[in-house]
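In: Sequence and predicted structure are below.
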Amino acid sequence: MCGICGIFNFRDGQPVDGRILRRMNSTMIHRGPDNEGYFIDGSMGIAMRRLAIIDLASGKQPIHNEDQSKWIVSNDEIFNYLDLRKLMTDKRHVFTTNSDTETILHLYEEFGEHCVDYLRGMFAFAIWDKKERSLFIVRDRVGIKPLVYSVISDSTIVFGSEMKAILASGLVETTMDLQGLDAFFAYCYIPAPLTIYRNIRKLLPGHWIKISPKGITTHQYWDLVFQPDYGKTEEYFLERFQEIFSDAVKMRLISEVPLGAFLSGGVDSSMVVANMAKVLSSSPQTFTIGFGGNSSSHIDERPYASLVAKAYNCKHNEIHVQPEAAHVLSEIAGAFDEPFADDSVIPSYYICKESKKAVTVALTGLGGDELFAGYERYLGFRLSMLFDKIPVLVTKKMIAPLIESLPEQKNGHYLVNHMKRFIRASSLPLAERYVSYVSTMRSKIRAKLYSQDVAAHIDFDLTTELMKKYFNSDKADHPLDRAMYLDIKTYLPDDILALTDRIGMLHSQELRVPFTDHVLMEFCATIPAEMKLKNMQKKYLLKKVAQRSVPKEVLNHRKQGFSSPMAQWLKKDLAVERDSLLSNMKNHNLDGLLNLIFLEKIVIEHVRKEELHDKTLFASIMLHQWLSRNSA
C-alpha cells in the first residue's frame, strides 16, 4: 500500500517544481512510512510513499518499463498478479522487480487503457507515457482505494491519494462547497464526486482519466449490473458462492508481513476467519471490540467473536473502548481531510491502533450487507411495500399520529426512531422513500439547521439526486436490487471503504475486504433478491452458506458490528465533551454556517429522549473538529 500524488501542467508545459511535489508527498508519510520515490519529466511529476507489503526488497516506486518510456506510481494490491506476471513474461516483457505494481505497467504497455480489465484487487494508480506526453489515472472498480484531483484553469491537474496532498501544493483554492456540506449533514459523509472543497473532486470508482495536451478524457470502465438468474437453484448459488468466496479470501492472504483479521461476531467477518483458517498454516490472529461506559443497550459481540475464534483456534485479542473519544476526534478529522461522521470511526480507530502492534495487514467482513440485504433498512424497505396496501386514510389518520407520539426508548435502541422514519416516508415514491432511509435528516429539517444565507445557496433536491439517480438507473429492476445498487455506488465506497482506508492508513495498516472482490460481486448480482431477503430474514442465502462453518449462535443473534453506542454516550458519558464542543461552536459561530438556536433545540430533544439526534450532533461535532483544524 502507498500514498501517491502528482502534478501535470498539460497545457502550458511549465516545468514541475520539485519542492512542491516533495511537500505534497510528505503529507502522506502515514500511508507509506517505509520509503518514498519521485519522478519528474518536465511538465509532469509523480511521487509516492510506500508501505511495503509485497516484494519488500525491490518494490520501490516509481517503476519504469524496459526502455523507461513509461513510469508508474500505484497504491495497490493486485491479488492475481502472479498469473498476470506469467502472462506478461510469456509476451517477453522483462521484469526488474517482484512487485505487483510492475505487472500493471507491463499490462498497460500491452493493452493500453484495457489493462484495468485484467486486474483483480484494489488500486489507484497513475502511469506517465513519455512518448504520448499523457497521464493515465485510474481508480479500482468498487472504490476501495481513494483518488482525488483538482483541475486548475483547464491547464494543470493535481492529484493524490488524500486531499491533504493536493492542499499542500498551494495551487488549489479552498472555497467550501456548500453542496458538499449539505450532503455531509444528509448522509454523514460526502458522496463522490463531491468533496467539502468546490475545486477538489473524487474520482468515481470504476473510472479512469487520461490527460494530455489535447485535454482531459474521463471514462467509466466498469459497473455492476443486477441480472438475477431465476433458472438456477438455491443449491447452485450456495455452492458457487462458497467457491468464489473461498478463492477471494485465499487471494487476500498474500503478504510478506504479519496478517490477521477483524472479527466482529457477525456472520460476514466470521466467514472470512473460517476461510482464512482453512488456508493458513498457522492460527489466524483475530481482533474484536467491546465498549465501556453507558452502553448497556449496545450488544456486546465479544462472546460471539470468541466462539468463532475458539472454533478455529485463533490467537484472539479483545480491545476495550471507553467513552473517552473526544481526544481522538481531531486526529480522525485530520485523517479524512473533510467532515466525516460515521460514528463507527471511533471503534475502527482503536481496533486499527491496537492491532497494528501485531499485524500490518488485516482482513475484514465489510461489504456483505450490500450484497445480501443485511441492513435493517432493506427489511424496512420491503415492509414498506407491503404497507402500501393499507388504505392511506388509515395510515395518515390513525397509525402515523400514534407512532409520532411515542417517546424514544430510554435504553438508546433505535426501534422507535426507525418506526418514525418508516411512517414519515411511507407515502413517498420508492426512490425517495429509500433515500429517506439512508438520510439523517429530511431536507426541510436540514434547511433549518443552516444559517439563512447558507441555506439559500444549497440545492436540496440535488443532494437527494446524488442518491436517487442510482436507484433509478437501468442497472437493476427489482426494488431491493435497486436499493443495494444505490448503496454499492455510494455508502460502500464513500463511507465504509473510505473509513477502512483512512483509519487503516492513519495507523500504516492495510485492510483487505474479500466481499468487495469484483468477481464475487458480479456473481452475487445474479442471485435473485428473493434469496437474499426471504420470509423477512436478512441475508437468507449467506446464512445458509455460513451454516457450514459458523457457530449457530453467531447466525441467530442480532447484529451490531463495530458501530459505537454514540446515542447513549452523547447523553451521559460524553455529555461534558458534547456541551463543551457545542459551546466552542457557538463561540466560533461555525463560521456562520449553522443555526445554533436550532442546534441547541435538538440537543435538548436528544437529552430528553424526545427524539434521537445522535447522528446530527456527532456530525456537528465533527464539522467543528474539521473547521478547527483547517482554520488553525
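Out: Alright, I've got the coordinates.
In: quick one: low-confidence parts of the stretch 151-300 of the chain?
Out: Where the stretch 151-300 of the chain drops to pLDDT under 70, the residues are 292-299.
In: where do the helices sit along the stretch 101-250 of the chain?
Out: Under the criterion DSSP state H, counting those that start in this stretch, helices of the stretch 101-250 of the chain are mapped to 163-168, 178-187, 234-251.
In: wait, which of those is closest to residue 603?
Out: Residue 603 sits nearest to helix 178-187 of all the helices of the stretch 101-250 of the chain, at 15.4 Å, using CB to CB. All C-beta spots, glycine's among them, are computed from the backbone N, C-alpha and C.
In: what sits up against the closest one?
Out: Helix 178-187 has contacts (CB atoms under 8 Å, 6 or more residues apart in numbering) with 189-191, 194-198, 338-341, 438-441, 443, 446, 449-450, 454, 457-460, 462-464, 466-467, 490-491, 495, 593, 616, 619, 623.
In: Reformat the helices of the stretch 101-250 of the chain as JSON lines; add mean neighbour count.
Out: Converted to JSON lines, the helices of the stretch 101-250 of the chain look like this (neighbours: other CB atoms under 10 Å):
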{"stretch": "helix 163-168", "mean neighbour count": "23"}
{"stretch": "helix 178-187", "mean neighbour count": "24"}
{"stretch": "helix 234-251", "mean neighbour count": "17"}
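In: What ranges does the stretch 451-600 of the chain have for its helices?
Out: Counting by DSSP H, counting those that start in this stretch, the helices of the stretch 451-600 of the chain are 452-456, 460-471, 479-489, 491, 497-506, 518-524, 540-546, 552-556, 566-571, 575-588, 596-607.
In: Which one of the ones you listed lies nearest to residue 210?
Out: Residue 210 sits nearest to helix 518-524 of all the helices of the stretch 451-600 of the chain, at 21.6 Å, using CB to CB.
In: hmm, who's touching the helix or strand containing residue 447?
Out: In this assignment (DSSP states H and E), residue 447 forms part of helix 443-449. Residues outside helix 443-449 that contact it (CB under 8 Å, 6+ apart): 182, 185-186, 441, 455, 458, 460-461, 463-464, 594-595, 598-599, 616.
In: circling back to that earlier point, could the helices of the stretch 101-250 of the chain be laid out in JSON lines, adding distance to residue 16?
Out: What follows is these, written out as JSON lines (distance: least, CB to CB, whole Å):
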{"stretch": "helix 163-168", "distance to residue 16": "14"}
{"stretch": "helix 178-187", "distance to residue 16": "29"}
{"stretch": "helix 234-251", "distance to residue 16": "37"}
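In: Report the residue spans of the stretch 451-600 of the chain with pLDDT below the cut-off.
Out: In the stretch 451-600 of the chain (pLDDT under 70), the answer is 557-578, 580-582, 584-591.
In: Next up, the contacts around the residue lying closest to residue 430 once chain neighbours are set aside.
Out: In space, and not counting its chain neighbours, residue 430 is closest to residue 479: 5.6 Å by CB to CB, 6 or more residues apart in numbering. By CB under 8 Å, 6+ apart, the contact list for residue 479 reads 381, 385, 430.
In: what kind of secondary structure is the second one in?
Out: What that stands for is residue 385. The local conformation at residue 385, judged by DSSP: H, G, I helix; E, B strand; the rest coil, is helix.
In: Any figure for the gap between the residue lying closest to residue 532 once chain neighbours are set aside and residue 118?
Out: Nearest non-adjacent residue to residue 532, counting by CB to CB, 6+ apart: residue 373, 4.3 Å away. For residue 373, the distance to residue 118 (CB to CB, to the nearest Å) stands at 31 Å.
In: re the thing from before, closest to residue 279 out of the helices of the stretch 101-250 of the chain?
Out: Checking the helices of the stretch 101-250 of the chain against residue 279 by CB to CB gives helix 234-251 as the closest, at 5.1 Å.
In: Return the alpha-carbon coordinates of the closest one using PDB.
Out: Output of helix 234-251 as PDB, limited to C-alpha atoms (Å, rounded to 0.1, in the frame of the first residue of the first chain):
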ATOM      1  CA  GLU A 234     -30.700 -22.300  -4.400                       C
ATOM      2  CA  GLU A 235     -28.200 -25.100  -4.100                       C
ATOM      3  CA  TYR A 236     -26.300 -23.900  -7.200                       C
ATOM      4  CA  PHE A 237     -25.900 -20.400  -5.700                       C
ATOM      5  CA  LEU A 238     -24.800 -21.800  -2.400                       C
ATOM      6  CA  GLU A 239     -22.100 -24.000  -3.900                       C
ATOM      7  CA  ARG A 240     -20.900 -21.400  -6.400                       C
ATOM      8  CA  PHE A 241     -20.800 -18.600  -3.800                       C
ATOM      9  CA  GLN A 242     -18.700 -20.700  -1.500                       C
ATOM     10  CA  GLU A 243     -16.300 -21.500  -4.300                       C
ATOM     11  CA  ILE A 244     -15.800 -17.800  -5.400                       C
ATOM     12  CA  PHE A 245     -15.700 -16.500  -1.800                       C
ATOM     13  CA  SER A 246     -13.100 -19.000  -0.700                       C
ATOM     14  CA  ASP A 247     -10.900 -18.000  -3.600                       C
ATOM     15  CA  ALA A 248     -11.400 -14.300  -2.800                       C
ATOM     16  CA  VAL A 249     -10.300 -14.800   0.800                       C
ATOM     17  CA  LYS A 250      -7.300 -17.100  -0.200                       C
ATOM     18  CA  MET A 251      -6.100 -14.500  -2.700                       C
END
